[in-house]
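the following comprises the amino acid sequence and a computationally predicted model.
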Amino acid sequence: MTAEYKVHGDVAVITMNNPPVNGLGYATRVAITQGLDQANADPAVKAIVVTGAGKAFSGGADIKEFGSAKATQDPNLLSVIRALENSSKPTVAAIHSVAMGGGLELALGCHYRIAAPGANIALPEVKLGLIPGAGGTQRLPRVLGVEPALNMIVSGEPVKSELLAQLPGQKLFDKMAASPETLAEEALAFARSVADARPLPLVRNLPAKHPQGDAYFQFARNMVKGMAKNFPAPAKCVDAVEAATKKKFEEGMVFEREIFTNLMFTPECRSLRHLFMAERAASKIADVPDDTPKRAIERVAVIGAGTMGGGISMNFLNAGIPVTILETKQEALDRGLATIRKNYEAQVKKGKLKQDKYEQRMALLKPTLSYDEIKDADLVIEAVFEEMGVKKAVFETLDGTMKQGAILASNTSTLDLDKIAAFTKRPQDVVGLHFFSPANVMKLLEVVRGAKTAKDVMATVMALGKKIKKTAVVSGVTDGFIGNRMIEQYSRQAGFLLDEGATPQQVDKAIEKFGFAMGPFRMGDLAGNDIGWAIRKRRAAERPDMLYSRTADKLCELGRFGQKTGAGWYDYQAGKRDAIPSKLVEDMIVEHRKSLGIEPRKISDDEIVQRLVFSLVNEGARIVEEGIAARASDIDMVYITGYGFPIHRGGPMQYADEVGLFNVVQAMKRFGQNPRDDAKFWQPAPLLAKLAADGKTFS
C-alpha cells in the first residue's frame with residue numbers, strides 16, 4: 001500500500017508512503033479515500049489526520065504516471081479533495097518538509113492544517129507550462145490573500161511555511177508546530193481539540209477579494225507579459241486567480257480546469273514537460289546502475305588557472321570542496337586567483353553572496369606551482385591549452401604523480417579522449433569533464449565516457465555533477481562530442497547563408513526572434529572567431545572534403561577575432577558589448593560573392609531558421625544513431641543548458657517532433673537541391689528517415 005492507516009485512540013492517521021516525495025499516484029489516491037471511508041465508518045474515531053512519510057508531506061502528481069491513463073483515473077485528485085471536504089469528521093493536514101502542487105491542493109481540501117517550520121510550500125505547475133489544476137488557483141487566494149497567492153502561483157517558487165504563517169490574516173495554517181520532530185504529537189492533540197467543532201470549516205466558503213480589483217489584475221497582466229513573453233501559462237494564472245475573485249467557487253473550478261486542460265496541449269507545455277523528464281533521464285546510464293559504488297571526492301585539483309580553470313575551481317569551492325589550482329608560472333597563478341576574487345567580489349557587491357561565505361570559499365583555495373602538492377587529490381581536472389601535445393605532457397605527468405584511484409579528467413572540448421587516456425597507464429580512471437564558458441555560470445557539463453572509463457568513475461562524476469549543481473549529460477568519444485559537433489554544422493549553414501545573400505545581422509535577428517539567446521555571428525564574436533578558425537585549419541588536413549564558406553577565414557585574416565579585439569562580424573566600442581553592423585564586413589562579403597560569381601538572392605527568415613535548426617537536428621540524429629548520445633532528449637538538454645536554445649521550444653529534437661519529422665525530411669530534401677549548400681550533409685540521417693517514414697517521433 002502507498003498510504004498507511006493507523007488509529008491512535010480516537011484519531012485515525014492516514015500516512016502517504018510513496019517515495020521519494022509521496023507523489024499522488026493512482027494507488028495512493030485510492031488508499032487515501034479508503035482510509036477516509038474506514039475512519040468515517042468507525043464510531044471510535046473522532047478526527048482524521050492526513051500526513052506524509054519520510055522526507056515529504058506530498059510533492060504532488062506522480063511523475064511516473066505523467067501522460068498515462070492512471071494519471072486521471074478515478075479517484076482523481078479532485079475526487080480525493082472532495083472526499084476530504086465531505087468527510088463527516090474533521091480532517092487535519094499535518095504538513096512537513098514539502099507540500100507542493102497537488103500536495104498543497106490536497107492540504108487545502110482538509111478542514112484544518114498544521115505545519116512544521118522549514119516546510120517548502122509551492123504551486124510549481126507554471127514551470128511545466130501549466131496552472132494548478134485541482135483548485136490551487138481558487139483556494140490559495142482564499143487563505144493567503146490574492147496578491148501573495150498570485151505571486152506564488154505565477155513564480156512557482158517555494159516559500160517557507162514559517163514565512164507564510166506570518167502573513168496578516170492568513171488562514172493557510174491553523175497552527176504552527178514547534179518543530180518537525182513534534183509535528184506528529186501536536187497534530188494528534190490539535191485533531192482532538194477540534195473533534196467536536198461544527199460546522200466543519202471549508203476553504204471554498206472563504207471570500208477572495210482584492211481592494212483594487214480590475215486595476216490590480218491589469219497591472220499583474222502587464223508585469224507577467226514582460227517577464228514571460230514566450231509562455232502562455234503565467235498570464236493564464238492571472239486569469240484563473242481573477243476568476244476566484246469574481247465567480248462562484250464551483251464556476252471558478254470549472255474555469256481553472258478548462259485552462260489547465262487547454263494548456264496541456266500547447267507546444268510550450270509539451271516542451272517544458274519534455275525537459276522535466278529529459279533532465280531526469282540524462283542522469284541515468286543504462287549499464288551503470290544507481291547502486292554502483294562511488295569513489296569519495298574530498299579534494300580536487302585543477303591544472304591551469306586561466307578563464308576555464310578559474311571558473312571550474314569556483315564550482316567546487318561553491319560546493320564546499322577544497323581545490324588546489326596549479327600553474328607553471330607565478331604570474332599566471334596570480335592572474336587566475338585575482339580573477340576568481342573579482343568574480344566573487346562582484347557577487348558580494350550585488351548582494352548575491354555574503355562576505356563571510358566569500359571568505360570561506362577563498363580559504364578552501366590553495367595555489368601551487370608544484371605537482372607534488374596535488375598528488376593526494378581525489379579528482380584532478382586538466383584545463384590547459386586545447387592542443388594534443390600540451391595534453392600529452394600534462395597527462396604523462398599526472399600518471400606519474402597522482403595517487404592510485406584518483407580520477408583524471410580532461411576539460412577538452414573537441415580532442416579524442418581515448419588518445420588522452422592512452423598517455424596514462426590507467427585509462428580506466430580517465431574521463432572527460434567538458435565545462436562550458438563561463439564555467440562558474442553555465443549549467444551544462446558534458447561527461448565524456450572513454451572506451452575504457454570505469455563504471456564507478458562514471459557513477460562518481462555524475463553524482464558530483466549534481467553536487468556542483470550542473471546538468472550532466474553523457475557523451476561518447478567523437479570530434480566535438482555532442483554540442484560542438486552539432487554547432488559546427490549550424491555554423492557552416494550560417495556561412496553558406498552569407499554566400500547566398502544574407503547579412504550577419506539578418507541571420508542573427510531571425511534566429512534570435514525564433515528564441516535563441518544569440519545568433520551565430522554574435523556568438524562567434526563573443527567566443528572568439530579565432531577558435532573556429534583553428535578548428536577549420538585542423539579540418540582542412542583531416543577532412544579536406546568538408547565544405548565551408550570562406551567568409552569566416554577572410555574575417556580572421558583581417559584580425560577581426562570578435563569582442564576581444566574590438567572587431568569581428570560586428571564593430572564594438574570600447575567598454576560596450578553592443579554589436580554595430582560593420583560596413584567593412586559587408587563589403588568583404590560582397591567582394592567574396594563577386595569572386596565566386598554568385599548573384600545574391602533574397603533569403604527569408606523562415607529559411608534561415610530552418611537551415612540552422614534542422615542542421616542541428618540531422619547531426620543530432622546521427623549522434624543518437626552512433627550511440628554517442630544515449631537518447632534524443634540528452635541532445636535537447638545539451639542545447640537548452642549549454643547553447644541558448646529557446647526553452648519554450650524544448651531543444652532541437654523536441655522542436656523537430658513538434659514540426660513533424662515528415663516535414664523536417666521534406667525541408668532537408670529541398671535544401672539538398674541548393675547548389676550553394678552541401679547536398680551530402682542534407683541526406684537525412686538514417687534514424688531520422690526511418691522515424692519519419694514510420695510516422696514516429698524522437699521521443
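Good, I have the coordinates.

for the stretch 351-500 of the chain, what spans make up the strands?
Secondary structure of the stretch 351-500 of the chain (DSSP state E, counting those that start in this stretch): strands located at 365-368, 379-382, 407-410, 430-435, 444-448, 471-475.

closest one to residue 248 among these?
For residue 248, the closest of the strands of the stretch 351-500 of the chain is strand 471-475, at 44.7 Å, according to Cβ to Cβ. For every residue, glycine as well, the C-beta is placed using N, CA and C.

the closest one packs against which elements?
helix 267-282, strand 444-448, helix 455-467, helix 632-642 (3 or more Cβ pairs under 8 Å, 6 or more residues apart in numbering; DSSP states H and E).

okay, helices next: where are they in the stretch 51-200 of the chain?
77-86, 102-109, 136-144, 146-155, 161-165, 183-193 (DSSP state H, counting those that start in this stretch).

related to what we said a few turns ago, mind putting the helices and strands packed on strand 471-475 in a markdown table, distance to residue 346 included?
Below are the helices and strands packed on strand 471-475 laid out as a markdown table (distance: least, Cβ to Cβ, whole Å):
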| stretch | distance to residue 346 |
| --- | --- |
| helix 267-282 | 29 |
| strand 444-448 | 22 |
| helix 455-467 | 24 |
| helix 632-642 | 23 |
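
ok, which of those comes nearest residue 650?
Evaluated over the helices and strands packed on strand 471-475, closeness to residue 650 peaks at helix 267-282, with 2.9 Å, by Cβ to Cβ.

partners of the following helix or strand past that closest one, with directions?
Using DSSP states H and E, the helix or strand that follows helix 267-282 in sequence is strand 300-303. In the sheet containing strand 300-303, the strands it pairs with under DSSP bridges are strand 323-326 (parallel), strand 379-382 (parallel).

and strand 300-303, average pLDDT?
Per-residue pLDDT values over strand 300-303 give a mean of 98.

residues contacting it, please?
With Cβ atoms under 8 Å, 6 or more residues apart in numbering as the test, strand 300-303 has contacts from 309, 312-313, 316, 321-326, 374, 377-384, 394, 398.

can you select the buried ones from those in PyMOL?
What follows is the PyMOL syntax for the buried subset of those, where burial is set by 16 or more other Cβ atoms under 10 Å:
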select buried, resi 309+312+313+316+321+323+324+325+326+374+377+378+379+380+381+382+383+384+394+398
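
a markdown table please, covering the strands of the stretch 351-500 of the chain and showing distance to residue 102 and mean pLDDT.
Shown next, in a markdown table, are those (distance: least, Cβ to Cβ, whole Å; pLDDT from 0 to 100):
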| stretch | distance to residue 102 | mean pLDDT |
| --- | --- | --- |
| strand 365-368 | 44 | 97 |
| strand 379-382 | 40 | 98 |
| strand 407-410 | 41 | 98 |
| strand 430-435 | 37 | 98 |
| strand 444-448 | 31 | 98 |
| strand 471-475 | 26 | 98 |
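
would you format the ones you listed as CSV with distance to residue 422 included?
Shown next, in CSV, are the strands of the stretch 351-500 of the chain (distance: least, Cβ to Cβ, whole Å):
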stretch, distance to residue 422
strand 365-368, 27
strand 379-382, 15
strand 407-410, 12
strand 430-435, 9
strand 444-448, 14
strand 471-475, 19
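
residue 120 is nearest to which of those?
Across the strands of the stretch 351-500 of the chain, the minimum distance to residue 120, taken as Cβ to Cβ, is reached by strand 471-475, at 21.3 Å.

okay, angle between the closest one and helix 455-467 too, please.
150 degrees (axes from the mean of the first three to the mean of the last three Cα atoms, to 10 degrees).

sheet-wise, list the partners of strand 471-475 with their directions.
If you go by DSSP bridges, strand 471-475 pairs up with strand 444-448 (parallel).

how about the strands of the stretch 551-699 of the chain, start to end?
570-571, 580-581.

which strands and helices sit next to the first one?
Of the remaining helices and strands, those touching strand 570-571 by 3+ Cβ pairs under 8 Å, 6+ apart are helix 520-527, strand 580-581.

average pLDDT for the following helix or strand past the first one?
Moving toward the C-terminus from helix 520-527, the next helix or strand (DSSP H and E) is helix 529-542. For helix 529-542, the mean pLDDT works out to 84.

before we move on, back to that, tabulate the strands of the stretch 551-699 of the chain (TSV), appending distance to residue 232.
TSV is the format used below for the strands of the stretch 551-699 of the chain (distance: least, Cβ to Cβ, whole Å):
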stretch	distance to residue 232
strand 570-571	34
strand 580-581	34
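
redo those strands as CSV? Include distance to residue 283 and mean neighbour count.
Putting those into CSV (distance: least, Cβ to Cβ, whole Å; neighbours: other Cβ atoms under 10 Å) gives the following:
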stretch, distance to residue 283, mean neighbour count
strand 570-571, 39, 19
strand 580-581, 43, 12
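
just so I know, which of the ones you listed lies nearest residue 31?
Closest approach to residue 31 among the strands of the stretch 551-699 of the chain is made by strand 570-571 (62.2 Å; Cβ to Cβ).

closest to residue 363 out of the strands paired with strand 300-303?
Using Cβ to Cβ and comparing the strands paired with strand 300-303, the one that lies nearest residue 363 is strand 323-326, at 11.1 Å.

follow-up on the earlier one: the helices and strands packed on strand 471-475 into TSV, with extra columns for mean neighbour count and distance to residue 519?
Output for the helices and strands packed on strand 471-475, formatted as TSV (neighbours: other Cβ atoms under 10 Å; distance: least, Cβ to Cβ, whole Å):
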stretch	mean neighbour count	distance to residue 519
helix 267-282	19	21
strand 444-448	25	20
helix 455-467	19	29
helix 632-642	26	15
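
tell me the pLDDT of residue 586.
Residue 586 is assigned 96 on the pLDDT scale.

if we ignore the residues flanking it in sequence, what's nearest it?
Counting by Cβ to Cβ, 6 or more residues apart in numbering, residue 503 is the residue found nearest to residue 586 once chain neighbours are left out, at 6.6 Å.

so how far is residue 240 from the one you found?
Residue 503 sits 45 Å away from residue 240, going by Cβ to Cβ, to the nearest Å.

out of these two, which sits in the busier spot?
The residue with more neighbours, out of residue 503 and residue 240, is residue 240; 25 against 19, by other Cβ atoms under 10 Å.

run a quick neighbour tally on residue 573.
With other Cβ under 10 Å as criterion, residue 573 counts 9.

ramachandran coordinates for it?
phi -90, psi 150 (degrees, to the nearest 10).

who's in contact with it?
So residue 573 contacts 566, 580 (Cβ under 8 Å, 6+ apart).

average pLDDT across stretch 566-581?
On average, the pLDDT along stretch 566-581 is 92.

on that earlier part again, out of the helices of the stretch 51-200 of the chain, flag the one nearest residue 45.
When the helices of the stretch 51-200 of the chain are compared by Cβ to Cβ, helix 183-193 sits nearest residue 45, at 10.0 Å.

hmm, back to that, wait, which of the helices of the stretch 51-200 of the chain is closest to residue 274?
That would be helix 102-109 among the helices of the stretch 51-200 of the chain, by Cβ to Cβ, at 20.4 Å.

report the distance from that closest one to the chain centre.
26 Å (Cα atoms, centre = their mean, to the nearest Å).

quick one, that helix and helix 136-144 angle?
Using the same axes, to 10 degrees: helix 102-109 against helix 136-144 is 50 degrees.

only alpha carbons, please: show helix 102-109 as PDB.
Output of helix 102-109 as PDB, limited to C-alpha atoms (Å, rounded to 0.1, in the frame of the first residue of the first chain):
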ATOM      1  CA  GLY A 102      -1.300  18.600  -5.800                       C
ATOM      2  CA  GLY A 103       0.200  18.000  -2.300                       C
ATOM      3  CA  LEU A 104      -0.700  21.600  -1.300                       C
ATOM      4  CA  GLU A 105      -4.100  21.400  -3.100                       C
ATOM      5  CA  LEU A 106      -4.800  18.200  -1.100                       C
ATOM      6  CA  ALA A 107      -4.000  20.000   2.200                       C
ATOM      7  CA  LEU A 108      -6.300  22.900   1.100                       C
ATOM      8  CA  GLY A 109      -9.100  20.400   0.800                       C
END
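
done for today, thanks.
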